[in-house]
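Q: After the sequence you'll find the predicted model.
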Amino acid sequence: MIRFIVRRLLQLIPTLFGLSILLFIWLRRLPGGPETAILGERGTPELRAQIRKNLGLDEPLLIQYGRFMKRMLKLDLGTSISTKREVMTEFLERFPGTVELTITAMIIAIGVGIPLGYLAARRRGSFLDSASVGGSLIGICVPVFFLAYVLKAIFSENLQLFPSSGRQDPTLGATRITNFFVLDGLMTREWDAALDALWHLILPGIALASIPLAIIVRITRASVLEVLSEDYVRTAQSKGLNERTIRGRHILRNAMLPIVTVIGLLTGGLLSGAVLTETVFAFSGIGAFLYEAISNRDYPVLMGFIMIIAVFYVLVNLLVDVSYSLIDPRVRVR
C-alpha cells in the first residue's frame, strides 16, 4: 500500500507542473491585465507601462513563469488588487466555508443516492425504480440557482425554519480557531455556535447536493444492475448464502468502483467553489470570491486560488485511487 501511494504521489508532480503551465498561459491570455485592474480604463499608456514594469510583466515569459513557480512553492501568492490583503489570508478565510458546504452536500448526496440507487436496481421496473430515475432526471435538469431560490423562499422567508444567508449568526460572538465554524464550535464547546453554523449549512447543502445526488443515484443503479447479472452473484445465490453477505461482499463491493470515481470527481468539482449557491445564500466561500476576482481582473487572486484548488482536486483524485486499492486489491498490483 505504501509503495502504491508513493507511486501515485510521484505521478502528481508532472500533473501539477502541467497544470501550472496551463494556468500561467491562460491568465496571460486574458484581456486587460493587472494594469487595467489597478488604473482602470482611463490609465495613460505611460502609467500602464510603469505598472507592467513594476510587476515584472515586461520580462520574458520564461522568467515570469519561474518567478511565479518560486512564489507558489513558498506559498507567497501575492496581494489582492481589490482588497489589498494577502491572497493566502483571503483563501484561508473563505476556503473552510466551501469545504463545510461541500462536505454537507456530499453527505446528503451519498447518504441518499447510494441506498436509493441500490434499491432501484434491486427492484427494477417497480414504482421506486421509476420514481428514482425520474427524480434523478429532474435533479439534473433543474438549475441549482432556481432550486436555491425556491428553498430559500419556502423554508427561510415563508416558514422561517432556516436562516436565509450567511454562515453563522454574528450576534453569537463565536470563537474563531480554524474558520471551520462547526468544528470551532465543537472545539470550544460552544454548542449553540456549532448548531447555528450547521443550521446555516442545511439549505445551501441541499441545493448544492441536487445534481451530485441525481448522478450518484443513476451511476449506482447502473453499476448494481451490471453486477447483478454477473455469474458470481447468481452462484452465490444458488449456494444459499446469506443475503447480507451477497449484498455486501459480492454486489456493493464490486459495484463501488465507478461510484467512487464519480464521488471523487463531484467532490473535487464542488471544492472549486459553488458560485450560484454561495451567491443566493450570501455564503462566504471561494466561489463567489473567484467570480468577483474575474470581474475585477484580480490576477493574483485568480493565480493563487486556482492553483491551490487544482492541488486539492488532484489530491481528491489520489484519495480515489487509494480507495480503489482498498475496494479491489487487483488495482494496487497494476
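A: Good, I have the coordinates.
Q: only C-alpha atoms for contact and neighbour calcs from this point on.
A: OK.
Q: where's residue 212 relative to residue 60, distance?
A: To residue 60, residue 212 is 43 Å away according to CA to CA, to the nearest Å.
Q: more crowded one of the two?
A: Remark: of residue 212 and residue 60, residue 212 carries more neighbours, 24 against 9, as counted by other CA atoms under 10 Å.
Q: Of all the residues in the helix or strand that that one is a member of, which ones are buried?
A: Assigned by DSSP states H and E, residue 212 belongs to helix 191-228. Residues 193-225, 227-228 are the ones in helix 191-228 that count as buried (16 or more other CA atoms under 10 Å).
Q: Stretch 247-263 too?
A: Neighbour-count burial for stretch 247-263 [16+ other CA under 10 Å]: 250-252, 254-260, 262-263.
Q: Then stretch 16-27?
A: So stretch 16-27, judged by 16+ other CA under 10 Å, has buried residues 19-20, 23-24.
Q: Make JSON lines out of these and add pLDDT and secondary structure.
A: Listed next are the buried residues of stretch 16-27 as JSON lines, based on pLDDT from 0 to 100; DSSP: H, G, I helix; E, B strand; the rest coil:
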{"residue": "19", "pLDDT": "80", "secondary structure": "helix"}
{"residue": "20", "pLDDT": "81", "secondary structure": "helix"}
{"residue": "23", "pLDDT": "78", "secondary structure": "helix"}
{"residue": "24", "pLDDT": "80", "secondary structure": "helix"}
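Q: Beyond the helix or strand encompassing residue 139, next helix or strand please.
A: Secondary-structure assignment from DSSP H and E places residue 139 in helix 127-141. Per DSSP H and E, the first helix or strand lying C-terminal to helix 127-141 is helix 144-151.
Q: which other residues reach the helix or strand following that following helix?
A: Following helix 144-151 in sequence order, the next helix or strand is helix 181-187 (DSSP H and E). If you take CA atoms under 8 Å, 6 or more residues apart in numbering as the criterion, helix 181-187 is touched by 97, 167-168, 174-178, 191-195, 197-198.
Q: re earlier: elements contacting the helix holding residue 212?
A: Judged by 3 or more CA pairs under 8 Å, 6 or more residues apart in numbering; DSSP states H and E, the packing partners of helix 191-228 are helix 87-122, helix 127-141, helix 144-151, helix 181-187, helix 253-271, helix 275-280.
Q: Specify the angle between it and helix 253-271 in degrees.
A: 140 degrees (axes from the mean of the first three to the mean of the last three CA atoms, to 10 degrees).
Q: what's the angle between helix 191-228 and helix 87-122?
A: 40 degrees.
Q: In the helix or strand that helix 191-228 is followed by, which residues are buried?
A: In the C-terminal direction, the helix or strand that comes right after helix 191-228 (DSSP H and E) is helix 231-238. For helix 231-238, a neighbour-count test (16+ other CA under 10 Å) marks residue 233 as buried.
Q: Also stretch 149-163?
A: Neighbour-count burial for stretch 149-163, counted by 16+ other CA under 10 Å, picks out 149, 151-152, 156, 162-163.
Q: of those residues, closest to residue 127?
A: residue 151 (26.4 Å; CA to CA).
Q: So the closest one sits against residue 203, correct?
A: Yes. In this structure residue 151 lies within contact range of residue 203 using CA atoms under 8 Å: 6.7 Å.
Q: Could you tell me the per-residue confidence at the residue lying closest to residue 243 once chain neighbours are set aside?
A: Sequence neighbours aside, residue 237 is the residue nearest to residue 243 in space, at 8.0 Å (criterion: CA to CA, 6 or more residues apart in numbering). pLDDT recorded at residue 237 is 72.
Q: Quick check: the gap between residue 237 and residue 140.
A: For residue 237, the distance to residue 140 - CA to CA - is 35 Å.
Q: Count the residues that sit near residue 303.
A: Around residue 303 there are 20 residues (other CA under 10 Å).
Q: Now do the strand or helix carrying it: distance to the chain's middle.
A: Residue 303 belongs to helix 299-327 when assigned by DSSP H and E. Taking CA atoms, centre = their mean, to the nearest Å, the mean C-alpha location of helix 299-327 is offset from the chain mean by 9 Å.
Q: Could you list which residues are in contact with residue 27?
A: Residue 27 neighbours (CA under 8 Å, 6+ apart): 299, 303.
Q: For it, report the pLDDT, please.
A: The model's pLDDT for residue 27 equals 72.
Q: which element is it on?
A: Applying DSSP H and E, one finds residue 27 within helix 2-29.
Q: where in the stretch 201-334 of the chain is pLDDT low?
A: 273, 324-325, 327-334 (pLDDT under 70).
Q: contact partners of stretch 76-92?
A: 37-38, 71, 75, 179, 286, 293, 296, 298-301, 303-305.
Q: Identify, from those residues, the entry nearest to residue 121.
A: Comparing the contacts of stretch 76-92 against residue 121 with CA to CA picks out residue 286 as the nearest, at 37.4 Å.
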